[in-house]
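Enquirer: The sequence isn't on hand, but the structure is:
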């Protein structure tokens, strides 16, 4: 174990949190994976728990997760260090919404990564992500800096479902600005990663193993298995991953320790309740929008029917007038 972490240290994986690793490892040593009751662990898909692990935990956790995401799409980017930054996005106008990210990190090459976890309410995620990218990329450049030298902004969004409403089964989608004709990348300034956790869970549970399937044997799949652990039927998959990957084992141990902390658990429960309440409100709002749309549709149909009836009535009146004129003409001819 010490040899592994020594190698990681030499590679420069850690940033300013490296000093606390050995102490944390010692404190988590008592949380053996085989003894952990997974049913008692906090759900990492709840943003509070996600931020406690990947935003406030050891940098190696977030570094490993992000590298797995980039590796999944064979992107030539390897993170060796990062700094977790202020998650608040500055307002661009007085009436603008205040946007708070789950995690905002700056890489050693200056690139900015925005990470969002969405267990509920995925309808607006696509547009929220683009707006977060635009606000971050639009931050003021230093004087004399060239626009072309501005580092890229990379958005990573974990969503519990498909963003386009289809059931394609695609787990990881990476979007960039591309030429519509030849698909060449126009700029690396924008990079959006969308990860469908529901599609991943379905794939894992249907194949009964992480080694089966086209994309299920990657490091990203191993991280996703831990993140979506609550819905993974075979917990042996999680235990096997922990035995194989030291950093993932540390995450599970850290999560077990935090899950037993009363204050942390209370804060987590409050956030979970907030999310449930928000989801209920969103469902009600969506139902109200659906009913309003249906009412408008019915009103439009009634209006069209009224117009058709009026047109038909006007046609009948015209026909009657024509018949009256023809009858009058016939009567005059008879009189003559």
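Expert: Nice, thanks for sending it over. In this text the structure is predicted, and so the values were computed from the model without any measurement.
Enquirer: Show me the shaky parts of the stretch 201-336 of the chain.
Expert: Of all residues in the stretch 201-336 of the chain, those with pLDDT under 70 make up the ranges 208-217, 276, 278-279, 282-283, 312-317, 330, 333-336.
Enquirer: ok, 90 please
Expert: Counting by pLDDT under 90, the stretch 201-336 of the chain contains low-confidence ranges at 202-218, 233-240, 244, 267-336.
Enquirer: Quick check: residue 323 vs residue 288, distance?
Expert: For residue 323, the distance to residue 288 equals 52 Å [C-beta to C-beta, to the nearest Å]. All C-beta spots, glycine's among them, are computed from the backbone N, C-alpha and C.
Enquirer: That should have said residue 105, apologies.
Expert: Residue 105 sits at a distance of 38 Å from residue 288 (criterion: C-beta to C-beta).
Enquirer: which one of those two has more residues nearby?
Expert: A direct count of neighbours by other C-beta atoms under 10 Å for residue 105 and residue 288 places residue 105 higher, at 25 against 10.
Enquirer: Look up phi and psi at the more buried one.
Expert: phi -130, psi 150 (degrees, to the nearest 10).
Enquirer: For the stretch 151-300 of the chain, just list every one of the strands.
Expert: Taking DSSP state E, counting those that start in this stretch as the criterion, the stretch 151-300 of the chain carries its strands at 153-159, 172-178, 185-196.
Enquirer: Minimum distance to residue 218: which of those has it?
Expert: Of all the strands of the stretch 151-300 of the chain, strand 172-178 sits nearest to residue 218, with 9.1 Å by C-beta to C-beta.
Enquirer: how about the closest one: buried residues?
Expert: Buried residues in strand 172-178, defined by neighbour count with 16 or more other C-beta atoms under 10 Å: 172, 173, 174.
Enquirer: from these, which single one is nearest residue 308?
Expert: Once C-beta to C-beta is applied, the member of those that ends up nearest residue 308 is residue 173, at 46.6 Å.
Enquirer: pLDDT for the buried residues of strand 172-178 - can I get that in CSV?
Expert: Conversion of the buried residues of strand 172-178 to CSV gives the following (pLDDT from 0 to 100):
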residue, pLDDT
172, 91
173, 91
174, 93
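Enquirer: Pipe those residues into a markdown table and attach distance to residue 292 per row.
Expert: As requested, those are arranged in a markdown table below (distance: C-beta to C-beta, whole Å):
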| residue | distance to residue 292 |
| --- | --- |
| 172 | 36 |
| 173 | 32 |
| 174 | 37 |
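Enquirer: What's opposite residue 173 in the beta bridge?
Expert: residue 194 (DSSP bridges).
Enquirer: Quick one: residues contacting it.
Expert: 163, 193, 194, 195, 196 (C-beta atoms under 8 Å, 6 or more residues apart in numbering).
Enquirer: out of those residues, who's nearest residue 87?
Expert: Of those, the one sitting nearest to residue 87 (C-beta to C-beta) turns out to be residue 193, at 17.8 Å.
Enquirer: Just to check, that closest one is in contact with residue 158?
Expert: No - Residue 193 is beyond contact range of residue 158, at 9.2 Å (criterion: C-beta atoms under 8 Å).
Enquirer: No further queries at this time; thank you.
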